[in-house]
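Trainee: for reference, the sequence and a predicted model appear below.
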Amino acid sequence: PYTGPSAAEISKKRKEYLSPSIVHLFKNPLNLVDGKMQYLYDENGRRYLDAFGGIATVCCGHCHPDVVAAIINQTKRLQHSTVLYLNHAIADFAEALASKLPGDLKVVFFTNSGTEANELALMMARLYTGCHDIISLRNGYHGNAAGTMGATAQSNYKFNTVQIGVHHALNPDQYRGVFGSDGVKYAGDVQEIIDYGTCGRVAGFIAEAIQGVGGILELAPGYLPAVYSSIRKAGGLCIADEVQSGFARTGSHFWGFEAHDVVPDIVTMAKGIGNGIPIGAVVTTPEIAKVLTYRTYFNTFGGNPVCAAGGLAVLRVIEKEKLQQNAFVVGSYLKERLTSLKDKHEIIGDVRGRGLMLGIELVTDRQLKTPAKAEILHLMDQMKELGVLVGKGGFHGNVFRITPPLCFTKEDADFLVDVMDYTLSKM
Ligand code: PMP
């Protein structure tokens, strides 16, 4: 049993010693002390079904024994920086990761987070093209450092810092967007930005295939191929941010961009890559990777032996346990059940997503699509009381985010939907 400090004691310390901007999902914050696969346990040993997976971070399951063993074994043997010496862990992981990517995408740079991965990707695009302008999508999230905060396009996550040479294109949002599901029409806006907002040449374009923080919005079909074509004509590189949609989460594919029939020039990843340990990566072609040889580029802990060993174990577990297939089967079943809740509950405006990356947008008026902001907080709290943790997101904060560990079962899906149905009925 847990004998550490109580939730109240931890809250007090957090208030005194940690960032005042910490977000709490619940009225009474949860004190989590243990995790096992798709379950989390609080200080009293109470079990919760985790349908948020630490923001799509946990892909194999909490404390998956193979991943834990790989981390412990490597920690006992050696942990150090990767920069100066050889070690097999980083090389083995890079080789395995490259084998998961199409085309010529086979040079890997490791980082410690998604922000760092995207910062590096943006810099490479700028160096490679000799241009500065980057186009990203409104409602996208790419990180919180100087460059990535520019590409991030939600005021909620932007501080008043200088932002130069970033343009935010119309979001191909199939629920609220002006062109519905016509991806090619939205892509016209990127061409217009190139034509009217730049010298006609750009460094690149960055987008998530499914916006995670933005509320599980899947780019309208036809959008990415049209945009990639415009960007390449303007000399730019296409960057796929797979921080949330990568690592088998979408079920139908290993990477989110694959559902759109495109091959990016640079792919960035984090979160699921390490099943909870801090690691990120940028994968690109040998030709683009060369831009970093003109100066010294190094990252003290990027691809360190412990995180690399953990990452390699994650890839093996995804394969061994057929987690992509599971994400597809369980995710499709869950989406179907959630969609049927829409007939019963007027507050559900939209059910969307792919595999185990699903979103449910709540509105108080289906015609006006008025965000149900207060209602979602109440519902999340009630679901927590019944033992189910879901996330929330979207610009208005009115979208349930369901991104569980990929070992989620049909029974878990049933429990989640039943609990959601019950709390919606009680409201
Ligand atoms: N890209 C996407 C799509 C993300 O969702 C996030 C984190 N929410 C990031 C980048 C930034 O990753 P990190 O928080 O690890 O810096």
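Mentor: Arrived safely, thanks for sending.
Trainee: pull the contacting residues for the closest residue to the ligand within the stretch 151-300 of the chain.
Mentor: Nearest to the ligand in the stretch 151-300 of the chain, going by CB to the nearest ligand atom, is Val243, at a distance of 3.5 Å. For the C-beta atoms, the positions are set from N, CA and C on the backbone; glycine is no exception. By CB atoms under 8 Å, 6 or more residues apart in numbering, the contact list for Val243 reads Gly114, Ala117, Asn118, Glu208, Gly212, Thr268, Met269, Ala270, Lys271, Gly280.
Trainee: tell me how far the residue nearest to it when sequence neighbours are not counted lies from Cys307.
Mentor: Once flanking residues are discounted, Val243 sits nearest to Gly114: 4.0 Å by CB to CB, 6 or more residues apart in numbering. Separation of Gly114 from Cys307 (CB to CB, to the nearest Å) stands at 14 Å.
Trainee: and for Tyr48?
Mentor: 27 Å.
Trainee: name the SS class of Ile239, please.
Mentor: With DSSP: H, G, I helix; E, B strand; the rest coil as the basis, Ile239 sits in strand.
Trainee: can you get me a residue count around it?
Mentor: Ile239 has 30 neighbours, counted by other CB atoms under 10 Å.
Trainee: excluding its backbone neighbours, what's nearest it?
Mentor: Ile206 is the one closest to Ile239 (CB to CB, 6+ apart), at 4.1 Å.
Trainee: could you chop this structure up by domain?
Mentor: Per automatic domain parsing, the structural domains of the chain span 1-33+325-403+419-427, 65-320.
Trainee: for those, give me CSV that also has mean pLDDT.
Mentor: Formatted as CSV, these follow (pLDDT from 0 to 100):
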stretch, mean pLDDT
domain 1-33+325-403+419-427, 96
domain 65-320, 97
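Trainee: out of these, which one sits most buried?
Mentor: Comparing these by mean neighbour count (mean count of other CB atoms under 10 Å), domain 65-320 ranks first with a mean of 21.
Trainee: tell me the spacing between the closest residue to the ligand within the stretch 51-200 of the chain and Leu120.
Mentor: Taking CB to the nearest ligand atom as the measure, the point where the stretch 51-200 of the chain comes nearest the ligand is Gly114, at 2.3 Å. Remark: distance between Gly114 and Leu120 (CB to CB) = 11 Å.
Trainee: cool, Ile360 as well?
Mentor: For Ile360, the distance to Leu120 - CB to CB - is 34 Å.
Trainee: go on, Ser136?
Mentor: Taken as CB to CB, the span from Ser136 to Leu120 is 16 Å.
Trainee: what sits against the residue of the stretch 301-427 of the chain found nearest the ligand?
Mentor: Closest residue of the stretch 301-427 of the chain to the ligand, CB to the nearest ligand atom: Gly393 (9.3 Å). By CB under 8 Å, 6+ apart, the contact list for Gly393 reads Gly212, Val213, Gly214, Gly215, Ile216, Gly359, Val399, Arg401.
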